[in-house]
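Enquirer: got a predicted structure plus its sequence, pasted below:
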Amino acid sequence: MLMEYLPPAGWADVATKRDLDHLEDRLRDHVSAAVHAAESSLLRWMVGTVLAGIGIAFAAARFA
């Protein structure tokens, strides 16, 4: 328990370039997935809103 607060004792406790590259890849994948999900959600919302607006415009023109 107390050992967790001690500084690294040797080279085995230090992150390597390979560790950082792997972390970078995982972070890039995670951010890419989050952006893709946000884009998909935004696109669905925008298409629905535009179609509803067009429907309202046609209905207003037809009944005016």
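Expert: Cool, got the structure.
Enquirer: which pLDDT value goes with Met3?
Expert: Per-residue pLDDT puts Met3 at 67.
Enquirer: nearest residue to the middle of the chain?
Expert: Centroid check for the chain by Cα atoms, centre = their mean gives Ala34 as the closest residue, at 1.6 Å.
Enquirer: state the distance from that residue to Gly55.
Expert: 32 Å (Cβ to Cβ, to the nearest Å). Using the backbone N, CA and C atoms, a C-beta is placed for each residue, glycine as well.
Enquirer: do the same with Val35
Expert: Val35 is 30 Å from Gly55, by Cβ to Cβ.
Enquirer: try Leu20
Expert: For Leu20, the distance to Gly55 - Cβ to Cβ - is 52 Å.
Enquirer: likewise for Leu6?
Expert: 67 Å.
Enquirer: so Ala38: helix, strand or coil?
Expert: helix (DSSP: H, G, I helix; E, B strand; the rest coil).
Enquirer: average model confidence for the helix or strand where Gly53 lies?
Expert: Using DSSP states H and E, the element containing Gly53 is helix 17-63. Helix 17-63 shows a mean pLDDT of 96.
Enquirer: okay, now Gly10: neighbour count?
Expert: Gly10 has 6 neighbours, counted by other Cβ atoms under 10 Å.
Enquirer: er, Lys17 I mean
Expert: Neighbour count for Lys17, taken as other Cβ under 10 Å: 7.
Enquirer: again with the one 5 residues further on
Expert: Residue neighbour count, defined by other Cβ under 10 Å, stands at 12 for His22.
Enquirer: how close does it sit to Arg28?
Expert: 11 Å.
Enquirer: one step back: how far off centre is the helix holding Gly53?
Expert: 10 Å (Cα atoms, centre = their mean, to the nearest Å).
Enquirer: next one: stretch 49-64
Expert: Taking Cα atoms, centre = their mean, the mean C-alpha location of stretch 49-64 is offset from the chain mean by 34 Å.
Enquirer: lovely, talk soon.
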